[in-house]
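# Any chance you could fold what I've pasted below:
(chains A and B, ligands or ions: 1)
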Amino acid sequence: MSFMNDLINGADNRFDVNSLNALQKVTLRAVVVAFLFYGLAALEGMIMRTAAVIPDIPPVYGSVDHYFAIMTAHPIVGIFGSTYQLVFAAFMFLVPYLTKKPLYSVKLANAVWVLITLGTALAWIAAFIWHYAPLYTLYWPLPADTTQFKIIGGITFIAGVAIIMVGTLGFIYNIYATIFARVGIHKNKTTKELLISGFGIDGMLNLVHKLTGKPPYTKEPALSLPVVAIFRGTVDTFLDALVILSAGILVLVYLIANADGISLNVASVDALLYKNWFWWGLDLVADGLVLIYVAGSWYLLATLITGKKLFMENVARAALMLELLVSWMVWSHHLLADQAQPEIMKLVSGEMVTAFELLTQGLALFITLVTLWKARPLKMTMELKYLLGGLVGFGLAVPAGIIQADMAMNRVLHNTQWIIGAHVHVAVIVGLYMTLYSAVYVLWPLVTNNAKLWSMKLANAHFWLHLIGGIGMGAFMGMAGLDGMLRRHMYFHGEYNTYMILAGICGAMLLLAWVLFLFNIIMSVGLKGLIGIFLPSADKTASFGVEPEAVPETLKA
Amino acid sequence: MSFANSMELLAFHKVAYTAYSLLIISVIAWFGYNLTRKHKANSLIRVSFYTYIAFLVAAGVGHHIFTYNVVPWVSEDITRNETVPDKSYHITVKDHHFILPKEKMVVNCGEKVLFDVKSKDLVYGFGLFRKDHSMVTQMQVNPGTKNDILWTFNESGVFDLMSTEYSGPKGNGMFVPDVLKVQCTQKIAMVDGGKV
Ligand SMILES: [Cu+2]
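A predicted model of the protein is given here:
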């Protein structure tokens, strides 16, 4: 087939957008937007990487205001606009697929991606136009500081984040309503049974019964393991949404009062207490959500790739339960450099409980590897390659985080590029995204009704550029951090040029990887298909892979 | 083993983490390669599940115990309220400016120095840096709470002060060169965390 034909109609005319049902379309819509936001975040990252070496480049022009505005928009676009969208889209497709039930509401699913897109755009606009730049952590009273920022910028930004959180709540509602709907295979299950399974309690009881020599508590748990992981992670998403919403409302109260000429006393909010509250919620994204969703995705991918049952399934279920407790109690590792933070909290929550993430994530890694190993020999497919890449990412990033969550190391690493490079960027770009790409390749034939991938060569180039670029960028930023380079700081005298040039080259590889991926996808579905995804679908079915239930003869007449 | 200052700790850490990174990357690469092979791979070592879990626990908890015992500032930090410092400096931060004590800050090696920093408005950071930009120490400076750090210097030099926490774009200029001078007159034993 010719290049032009593929560009317009998709590779070998194999993508028929009219054959997609409502669930497939809403999934693809969110995926497309998520990858566009990823590109925007990558571009912002490259601007910042370059400005670290040449502060005068456009659009920064050596201005700290603009630099920090980009840095403020960057995680909002990357985390909410891109990863949230992508994860939500995958799960709103997977829960119906795995439970063989229809999604509770396709309308709501559409609202979720529209709200998150709108909210992200607003937050981005606040940074772009008004240079509102409190950064992701929003340390009190900075976000309400109207001497440094315009009120309108602040209100727009907070409104954007609030809309994202409303969209998030919509996702949560849709997932829970689907899981607890007593239709199909769950027709005869009680809410209690579904809840026990959702929290991993049946896995725990199975283990206890095994140790005490009793017959298993349940042979067939009500929910499959990936659904348990999705359910579990969503508990954290909910709490996190509440915390961010509450912080947003607080900031809004101050900003709106200020707009009316009333200046409320910022000291009436305890800055340290606020920091604890905020990190407790924010950490549920990082240490709760990412780890649980990722562990769940690994389990799912390993079972789909091998076609075998998961190794040590009960332990995996119980570990998800354990991770619930761990993820709620680790936030103090962000306050190890706060001298007023009670020492005992630093020790127990900040150091010891945090170290348990090595155990929970290590366990997930082990279970995934053994499941793959038992199914040898396997074909090195794209999805397997990406899954292994994701495992490497977390294998590197989790210990990097544990190292920083240490009272000795934290004293010299807090707020340096170590944490944002070696830990966060490696975890998100290599660990999380490679896992998500694996899921994209697994879901591709299901969501597109077997559209052909345009080029395997491009897919492979994307893989290697992304893997090497991601690890390399994290490593060089991390090394700069060890040499004292701060995160959230603009350097003007080329203090860390060597590391920043190397990190910039790796960043460019990441950006190029994304361009190749996007191009490959556009060539696969074609421009017509791409537009068609956003048009209403004729088939309103909200499930996938379910044979329509045969109507019993007695009811037919 | 003991680390007298952050330079030594970071140098050790650089080597240790790089070695770990290469190890984990090659383990997964080896694993991926063998996944596709038909005949049984001879694993170099057989690790049982329980050994692996024990290793993870030991690595997580052990890291903290290790640093607690060899990095001198950890125990100092925990007991800072009970220690009588040799020198105390009171510093205020306001409107993105450090307001420093009138007398020049000059300390000797081995002295316990207390920095008590107050913020009048935003969250700042109090960080001391060497001339090569590497970090000596830091703490967060929260408004409304006590922010004090007890520090023993084990290296001579002239250090710069910088805010290590983001406090809006204006915070980027919070840099005071040559804020502190440390002189090591007598030779300090570099054993036991640099304690004399
Ligand atoms: Cu955290």
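
# mind checking the SS state of the residue lying closest to B:Lys87 once chain neighbours are set aside?
If the residues on either side of it in the chain are set aside, B:Lys87 comes closest to B:Val113, at 4.9 Å by Cβ to Cβ, 6 or more residues apart in numbering or on different chains. All C-beta spots, glycine's among them, are computed from the backbone N, C-alpha and C. Following DSSP: H, G, I helix; E, B strand; the rest coil, the label given to B:Val113 is strand.

# Tell me how many other residues surround B:Val113.
19 (other Cβ atoms under 10 Å in any protein chain shown).

# contacting residues for the residue of chain B found nearest the ion?
Relative to the ion, the nearest point of chain B is B:Gly60 (14.7 Å; Cβ to the ion). By Cβ atoms under 8 Å, 6 or more residues apart in numbering or on different chains, the contact list for B:Gly60 reads A:355-356, A:358-359, A:402.

# just A:Asn5 next, same as before
Going by Cβ under 8 Å, 6+ apart, A:Asn5 touches A:Asn13.

# separation between it and chain B?
Using Cβ to the nearest Cβ, to the nearest Å, one gets 35 Å for the distance from A:Asn5 to chain B.

# Let me know the distance separating that residue from A:Pro342.
Using Cβ to Cβ, to the nearest Å, one gets 67 Å for the distance from A:Asn5 to A:Pro342.

# Same check on A:Leu242?
From A:Leu242 across to A:Pro342, the span is 24 Å (Cβ to Cβ).

# Looking at the two, which one has more neighbours?
Between A:Leu242 and A:Pro342, counted using other Cβ under 10 Å, the more crowded position is A:Leu242 (15 against 12).

# and residue 134, how many residues sit next to it?
Chain wasn't specified; assuming chain A. For A:Pro134, using other Cβ under 10 Å, the count is 26.

# hm, I was asking about chain B
B:Ser134 has 16 nearby residues by other Cβ under 10 Å.

# ok, back up a step: OK, contacts around the residue nearest to B:Lys87?
When contacts are counted by Cβ under 8 Å, 6+ apart, B:Val113 touches B:85-89, B:107, B:150-153.

# rerun at 7 Å
Contacts for B:Val113 (Cβ atoms under 7 Å, 6 or more residues apart in numbering or on different chains) come out as B:85-87, B:107, B:151.

# in stretch B:79-89, what counts as buried?
Across stretch B:79-89, burial judged by 16 or more other Cβ atoms under 10 Å in any protein chain shown covers B:80, B:85, B:89.

# distance between the ends of it?
18 Å (Cα to Cα, to the nearest Å).

# if you look at the buried residues of stretch B:79-89, which of them are in helices?
Among the buried residues of stretch B:79-89, no member is found in helices (DSSP state H).

# Out of these, which sit inside strands?
Those of the buried residues of stretch B:79-89 mapping onto strands are B:Tyr89, per DSSP state E.

# For the stretch 1-150 of chain A, what lies in contact range of chain B?
For the stretch 1-150 of chain A, the residues in contact with chain B (Cβ under 7 Å from any Cβ of the partner chain) are A:64-65, A:68, A:133, A:135, A:139, A:141-142, A:145, A:148.

# need the helix or strand of chain A with the lowest average pLDDT.
Within chain A, no helix or strand scores below helix A:553-556, which has a mean of 54 by mean pLDDT, DSSP states H and E.

# Quickly find the element holding residue 98.
Chain wasn't specified; assuming chain A. helix A:85-99 (DSSP states H and E).

# not what I meant, chain B
Assigned by DSSP H and E, B:Phe98 belongs to strand B:97-99.

# need the longest helix for the chain.
Picking chain A for this. What stands out as the longest helix in chain A, according to DSSP H, is helix A:497-533.

# You answered for a different chain; I wanted chain B.
Determined from DSSP H, the single longest helix within chain B is helix B:6-35.

# chain center to it: distance?
21 Å (Cα atoms, centre = their mean, to the nearest Å).

# quick one: buried residues of it?
Counting neighbours by 16+ other Cβ under 10 Å, helix B:6-35 gives B:6-10, B:13, B:17, B:20-21, B:24, B:28, B:31-32, B:34-35 as buried.

# Name the spans of the stretch 401-550 of chain A whose pLDDT lies under the cut-off.
A:547-550 (pLDDT under 70).

# ok, for A:Met407, nearest residue in space, not its chain neighbours?
Distances taken as Cβ to Cβ, 6+ apart put B:Val74 closest to A:Met407, at 5.0 Å, once the chain neighbours are dropped.

# isn't that neighbour right next to B:Phe66, touching?
No: under the criterion of Cβ atoms under 7 Å, B:Val74 is not in contact with B:Phe66, lying 10.5 Å apart.

# The two: which has the busier surroundings?
A side-by-side neighbour count of B:Val74 and B:Phe66, using other Cβ under 10 Å, places B:Val74 first with 20 against 13.
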